[in-house]
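Enquirer: sequence first, predicted coordinates after that:
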Amino acid sequence: VTDNGQPGTVSAVVVSGTNVYVGGAFTAAGGVSASNVAKWNGTSWSALGTGANGFVSTLLVVGTYLYVGGRFSAAGSGVSASDVARFNMATGVWSALGAAPQFDSNDGLSSVTALAVVLGRYILVGGDFTYLGPSGAAATVNGLVFWDSTVLAKKPLDGWYFAGGGVLDSSLNTATVSALAVSGTKAYVGGNFVTAGNALNGANQISAAGLAVLDLSTQQWSPLGTGLGGGAPTSVGALALTGTALYVAGSFTTAGSAGAGAAGVAEWSTTTSSWAALGSGIADPGNTTGTGIASVDSLFVGNGLLVA
């Protein structure tokens, strides 16, 4: 991909059937004009209509829809969509989620960085945002919210719901959700935060450095054992769930009792509720901070392989 003649950036890749969809920051894919999102069908590249008018950081396929998250204000021709939209892969039509409520943050630079589907119906949306809703009547959601795709929206927040009150930093300000993984009604949430939950939204509140699990049916948060530690700061950049194993990658040196072998990447067993190291972990001896801590922000699990 290229961005106005210079190398572009790919931030997300998903597969649907024989098609590969990529998102990022680019103006062309394989020489074909494409605004930040494109499709490869095995032989050629094509645009998805007029694409998104800002960078794309996450993609999710649910049925015939491709969900697209990032930092943008429109997707497709004339479709107003704040940071998240969906593309019908069968019809080629873009649409907003519900009545297209506005994501916003205190610095005005909101973005959606993680998407997941719950029970095939609810779209879980995570990122760097504080508010959701129309100007002057927005709800405080703190980086995490979900949308019921079956609701016919008539008002801006129709179909949108709190997700455990979101996540907070050490000053109890909104923090960032960078990764999501779902099993049943449990959502594993990773990012750069120290607290999960907000009692003002009816959820419990727990200390959790970069990683916690939310039961969406009860709106209650839980830690994963004694959690992660040793990062600067401790944070999670990627999650991958396969079977009963949750693979976690980010900036940390310990995971529960797994020891130093958990540096940068570790495995959480959802059946035994225990942590395990993956070999000797991933170190970064050339880190300019002198910490030797690697920061891993992508994972791929498939065909018996884990790639970080």
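Expert: Received, thanks.

Enquirer: got the contact list for residue 176?
Expert: By Cβ atoms under 8 Å, 6 or more residues apart in numbering, residue 176 lies in contact with 113, 127-128, 143, 167, 191-193. Backbone N, C-alpha and C define where each C-beta goes, glycine included.

Enquirer: kindly apply the preceding question to residue 89 instead.
Expert: 16, 19, 61, 64-66.

Enquirer: and for residue 112?
Expert: 57-58, 69-71, 83-84, 103, 125-127, 129.

Enquirer: so what's it closest to, chain neighbours aside?
Expert: residue 69 (3.3 Å; Cβ to Cβ, 6 or more residues apart in numbering).

Enquirer: the one you found reaches residue 58, doesn't it?
Expert: Yes: the pair residue 69 / residue 58 is scored as a contact, 4.3 Å apart, by Cβ atoms under 8 Å.

Enquirer: which neighbours do these two have in common?
Expert: 112-115.

Enquirer: most neighbours among the residues you listed, which one is it?
Expert: For the shared contacts of residue 69 and residue 58, the largest neighbour count, defined by other Cβ atoms under 10 Å, is 27 neighbours, found at residue 112.

Enquirer: if it is in a bridge, with which residues?
Expert: For residue 112, the beta-bridge partners under DSSP bridges are residue 127.

Enquirer: how many residues are close by residue 120?
Expert: Around residue 120 there are 8 residues (other Cβ under 10 Å).

Enquirer: contacting residues around it?
Expert: With the criterion set at Cβ under 8 Å, 6+ apart, residue 120 makes contact with 62-63.

Enquirer: tell me which element it falls in.
Expert: Here residue 120 is covered by no helix or strand, with elements defined by DSSP states H and E.

Enquirer: pLDDT on stretch 213-223, on average?
Expert: If you average the pLDDT over stretch 213-223, you get 94.

Enquirer: distance from that stretch to the middle of the chain?
Expert: Distance, stretch centre to chain centre, for stretch 213-223: 17 Å (Cα atoms, centre = their mean, to the nearest Å).

Enquirer: just the buried residues of that stretch, please?
Expert: 213-214, 216, 219, 221-223 (16 or more other Cβ atoms under 10 Å).

Enquirer: what about dumping the CA coordinates of stretch 21-30 to CSV?
Expert: The C-alpha trace of stretch 21-30 is given here as CSV (Å, rounded to 0.1, in the frame of the first residue of the first chain):
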residue,chain,number,x,y,z
TYR,A,21,-9.4,-7.0,3.9
VAL,A,22,-6.7,-4.5,5.1
GLY,A,23,-7.0,-1.2,6.9
GLY,A,24,-4.5,1.4,7.8
ALA,A,25,-3.3,4.8,6.5
PHE,A,26,-3.0,4.7,2.7
THR,A,27,-4.4,6.2,-0.5
ALA,A,28,-3.7,3.2,-2.8
ALA,A,29,-3.4,-0.6,-2.6
GLY,A,30,-1.6,-2.4,-5.5
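
Enquirer: run through the residues that contact the residue nearest to residue 216 when sequence neighbours are not counted.
Expert: In this structure, residue 216 finds its nearest non-sequential neighbour in residue 185, 4.8 Å apart by Cβ to Cβ, 6+ apart. For residue 185, the contact set (Cβ under 8 Å, 6+ apart) comprises 118-119, 215-217.

Enquirer: again, only this time at 10 Å
Expert: Each residue near residue 185 by Cβ atoms under 10 Å, 6 or more residues apart in numbering is listed here: 118-119, 122, 214-218.

Enquirer: wait, what's in contact with residue 110?
Expert: 71, 82-83, 102-104, 127-132, 143, 174.

Enquirer: surely residue 191 is in a strand?
Expert: Yes: secondary structure of residue 191, determined by DSSP: H, G, I helix; E, B strand; the rest coil: located in a strand.

Enquirer: and the residue most central in space within the chain, helix, strand or coil?
Expert: Taking Cα atoms, centre = their mean, the centroid of the chain lies closest to residue 114, which sits 1.3 Å from it. At residue 114, secondary structure determined by three-state DSSP is strand.

Enquirer: which residue packs closest to residue 223, ignoring adjacent ones?
Expert: Closest to residue 223 by Cβ to Cβ, 6+ apart is residue 208, at 5.1 Å.

Enquirer: which residues touch that neighbour?
Expert: Here residue 208 is in contact with 167, 189-190, 193-197, 221-224, 227-228, 234 (Cβ under 10 Å, 6+ apart).

Enquirer: sorry, back to before: just the contacts of residue 176 now: which is nearest residue 95?
Expert: Closest approach between those and residue 95, by Cβ to Cβ: residue 127, at 19.4 Å.
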